[in-house]
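S.K.: need a structure here:
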Amino acid sequence: MEAVSQALERGSGLTRQLLAFARREPLKLERIDTTQALESAHGLIRSSIKDHIRFEMQITPGLWAVKADRNQLEVALLNLAVNARDAMPEGGDLLMQAENIVGDDQEKCVAISVADNGEGMSEDTLARAFEPFFSTKAAGHGTGLGLAQVYGFATQCGGKVNIDSAVGQGTTVTITLPRA
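M.R.: Below is the predicted model:
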């Protein structure tokens, strides 16, 4: 019975991701306390990664609020944490940082970075990373929608997402969201 429940939950989650990606499920943009949202996501992320992965969260004091969909922010952070976990099958370090920044256009933003010291991505993989259904994971171990969801979430909130990665050096994904 538990297998059926897990399959239903996975199917439901995939449907939500597909709808959000297709923009048929509008984001509920609201002013959210970024620090509170990140602290709330901490337990969910910790329970989704393996014990042999060291997880640390660093939040700059006085972090600005952002205008975003709280649930989709949590899904984006969880997607990034799961990708990091999968890139470190033998264990490693996962660091989530959040800080206030001022962009090149003087726009005030909050940058949330998720960094791992895992396998990293090749240039070819980086070029396709945000494509829906593109995955380097074995069949049945990924939908190829995780980074597409992160990209869709960030852009629908008026923000950006950037990936810095190299094979054998790990990956850092940074979501930049405008200050509310």
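S.K.: could you pull out the helices for this structure?
M.R.: 2-21, 34-48, 70-86, 123-128, 146-156 (DSSP state H).
S.K.: let's have those in CSV, adding distance to residue 107, mean pLDDT and mean neighbour count.
M.R.: Placement of C-beta: from N, CA and C, glycine included. Below are these laid out as CSV (distance: least, CB to CB, whole Å; pLDDT from 0 to 100; neighbours: other CB atoms under 10 Å):
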stretch, distance to residue 107, mean pLDDT, mean neighbour count
helix 2-21, 24, 50, 12
helix 34-48, 16, 94, 16
helix 70-86, 19, 94, 22
helix 123-128, 25, 90, 12
helix 146-156, 14, 92, 21
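S.K.: quick one: which of the ones you listed is nearest residue 63?
M.R.: Comparison of the helices of the chain against residue 63 by CB to CB identifies helix 34-48 as nearest, at 4.8 Å.
S.K.: helices or strands up against the closest one?
M.R.: Judged by 3 or more CB pairs under 8 Å, 6 or more residues apart in numbering; DSSP states H and E, helix 34-48 is in contact with strand 53-59, helix 70-86, strand 92-102, strand 108-116.
S.K.: surely residue 111 is in contact with residue 101?
M.R.: Yes. Residue 111 is in contact with residue 101 according to CB atoms under 8 Å; the separation is 4.9 Å.
S.K.: between the two, which is the more surrounded one?
M.R.: Taking neighbours as other CB atoms under 10 Å, residue 111 and residue 101 compare with residue 111 leading, 18 against 14.
S.K.: with distance to residue 164 added, can I get the helices and strands packed on helix 34-48 in JSON lines?
M.R.: Formatted as JSON lines, the helices and strands packed on helix 34-48 follow (distance: least, CB to CB, whole Å):
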{"stretch": "strand 53-59", "distance to residue 164": "17"}
{"stretch": "helix 70-86", "distance to residue 164": "13"}
{"stretch": "strand 92-102", "distance to residue 164": "13"}
{"stretch": "strand 108-116", "distance to residue 164": "9"}
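S.K.: and the residue nearest to residue 84 when sequence neighbours are not counted, how many neighbours?
M.R.: In space, and not counting its chain neighbours, residue 84 is closest to residue 116: 3.7 Å by CB to CB, 6 or more residues apart in numbering. The number of residues packed near residue 116 is 25, by other CB under 10 Å.
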